[in-house]
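Undergrad: using only what follows, build the 3D model:
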Amino acid sequence: MDLLNLFQNHLKLSINDMTKLSGIPKTSVHRMIGSLEQMGFLCKDEDGQYTLGLLFLQFGNLVAERLDIRNISLQVMEKLRDDIGEAVHLVLRDGEETMYIEKLDTHHPVRLFTKIGKKAPLYAGASSRTILAFMPQEEREAYLESVVLKPIGCGTMTDKDKLRASLERSQRDGYSFSRSELENYTAELSVPIFDHTGQAIAALSIAGLEVRFDEEHMPELITKIKAAAHEISSKLGYNGHSY
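TA: The predicted model follows:
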């Protein structure tokens, strides 16, 4: 594993490179490389340089196919819900909309009515805007050029300049916040979830009555939801810096 881990930061390595970088005696490196090459974990090119073998691609595809983001996220979402006492949502993109694929209700007697399968346009609500903000730039701009912004709640953004400014803030700050955009008198705070390639593939959000998201509590909520999203992203193979 010490030898294989070297290839996380190096595309190709010679035996001398691996000996120097690992600190393992050259005779041991030579012996281990022979075994790794025989099993298909390493491949030697015509210049005597080693690269990771195609076996890693096969394993990688299997892992990717078997990952279930709902199962991976659920335990983290439960901890977050119990900690902050607000509803927690997991949201994915579905074309030009987003869809709630998991929801944990708050224990408050007064709560939001949202359900798994609920959809929202990409421009409305914190979760949707998080996904829109972290989409590839060309794809995001093509959407913004073509979409017609229609009001849903009393706080829905219907001005494209304001929407673009909000998306820039989301990219800069690492979170999105909305008030009364999908449902009046409610608020939502959302952050992106990244996969092993660094691509934002989902949004994690907390939502509740607007009065419970006051300025005094926002810094703490932002810190906690970012930590939860980073934990989920790490489970998906993301190795970037904390949010």
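
Undergrad: for residue 52, list the residues it contacts.
TA: 4, 7, 41, 42, 43 (Cβ atoms under 8 Å, 6 or more residues apart in numbering). Where C-beta positions appear, they are placed from N, C-alpha and C, glycine not excepted.

Undergrad: please report how far it lies from residue 149.
TA: 47 Å (Cβ to Cβ, to the nearest Å).

Undergrad: who's the closest spatial neighbour of residue 119, skipping the chain neighbours?
TA: Nearest residue to residue 119 in three dimensions, chain neighbours excluded: residue 97, at 4.6 Å (Cβ to Cβ, 6 or more residues apart in numbering).

Undergrad: tell me which residues form a beta bridge with the one you found?
TA: As for beta bridges, residue 97 partners with residue 94, residue 121 under DSSP bridges.

Undergrad: that older thread, just the contacts of residue 52: which are in helices?
TA: In this view, the contacts of residue 52 that belong to helices under DSSP state H are residue 4.

Undergrad: are any of the contacts of residue 52 buried, and which?
TA: For the contacts of residue 52, a neighbour count by 16 or more other Cβ atoms under 10 Å gives the buried set as 7, 41, 42.

Undergrad: residue ranges of the strands in this protein, please?
TA: Counting by DSSP state E, the chain has strands at residues 42-44, 50-52, 87-94, 97-104, 119-121, 176-179, 186-194, 200-209.

Undergrad: tell me where this structure has helices.
TA: 2-5, 15-22, 26-39, 55-66, 69-84, 126-133, 137-146, 160-173, 218-235.

Undergrad: okay, those, which one's buried deepest?
TA: helix 126-133 (a mean of 28; mean count of other Cβ atoms under 10 Å).

Undergrad: can you state the direction angle for that helix and strand 87-94?
TA: Computed with axes from the mean of the first three to the mean of the last three Cα atoms, to 10 degrees, the direction of helix 126-133 lies at 40 degrees from that of strand 87-94.

Undergrad: contacts for helix 126-133?
TA: Under the criterion Cβ under 8 Å, 6+ apart, residues 89, 91-93, 97-98, 100, 120-123, 140, 143, 163, 166-168, 170-171, 175-178, 181, 188-192, 200, 202-203, 205, 207 lie in contact with helix 126-133.

Undergrad: contacting residues around the one residue sitting closest to the centre of the chain?
TA: By Cα atoms, centre = their mean, the chain has its centre lying nearest to residue 193, at 1.6 Å. Residue 193 makes contacts with 69, 73, 200, 201, 202, 203, 204, 229, 232, 233, 236, as judged by Cβ under 8 Å, 6+ apart.

Undergrad: give me the beta-bridge partners of it?
TA: The partner residues for residue 193, given DSSP bridges, come to residue 202.

Undergrad: low-confidence regions, this structure specifically.
TA: By pLDDT under 70, the weakly predicted segments of the chain are 61-67, 108-113, 242.

Undergrad: now do the domain split for it, please.
TA: For the chain, the structural domains run 2-64, 68-235, going by automatic domain parsing.
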